[in-house]
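Student: show me the folded form of this:
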Amino acid sequence: MNTDPIADFLTRIRNASSARLKMVEIPGSNVKKAMTQILYNQGYITNFKFEEDDKQGVIKIALKYNQSTKVPAITKLERASRPGLRKYCGADNLPRVLNGLGIAIVSTSKGIITNKEAKTHNIGGEVLCYVY
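Tutor: Have a look, this model is predicted:
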């Protein structure tokens, strides 16, 4: 059994991207669905689909690459908060990723949102990961 499902989610995407796979399948959960929706809205993945099965469902993610250079759209996925060391930030000190070019995914009282949305809503929370 996996003890950190968010790290597993990020690792599967990172490995599939480095192997230049077009599609990756990830066991589903509500947190993973929300994170996948954020990656899709921010333009880091091409498409995704959630399929129900007996237990928890499967999220199928179509990865995005540059058409001419074949470079992945996601160059780095980094886990910020982990089970052994949680990382919380207030609304006034949310992280800026790559000087505003990347995003941080934050778990807040309003749900899982990006650092830019959390800044506009003036709320803080647990910083889950950095994407750029």
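Student: mind listing what's buried along whichever helix in the chain runs longest?
Tutor: Criterion DSSP state H: the longest helix present in the chain is helix 5-18. Under the neighbour-count criterion of 16 or more other Cβ atoms under 10 Å, helix 5-18 has 5-7, 9-10, 12-14, 16-17 buried. C-beta here means a position set from N, CA and C on the backbone, and glycine is covered the same way.
Student: identify the residue spatially nearest to the spatially most central residue of the chain, adjacent ones excluded.
Tutor: With distances taken as Cα atoms, centre = their mean, residue 35 lies nearest the centre of the chain, 4.5 Å away. Nearest residue to residue 35, sequence neighbours excluded (Cβ to Cβ, 6 or more residues apart in numbering): residue 105, at 5.8 Å.
Student: circling back: what sits against the residue nearest to the centre of the chain?
Tutor: Residues near residue 35 by Cβ atoms under 8 Å, 6 or more residues apart in numbering: 6, 9, 105, 112, 128-129.
Student: buried ones in stretch 77-91?
Tutor: Going by neighbour count (16+ other Cβ under 10 Å), the buried part of stretch 77-91 is 77, 79-81, 89.
Student: what about the closest residue to residue 71 other than its chain neighbours, how many neighbours?
Tutor: Spatial nearest neighbour of residue 71, chain neighbours left out: residue 65 (6.6 Å); criterion: Cβ to Cβ, 6+ apart. Using other Cβ atoms under 10 Å, residue 65 has 15 neighbouring residues.
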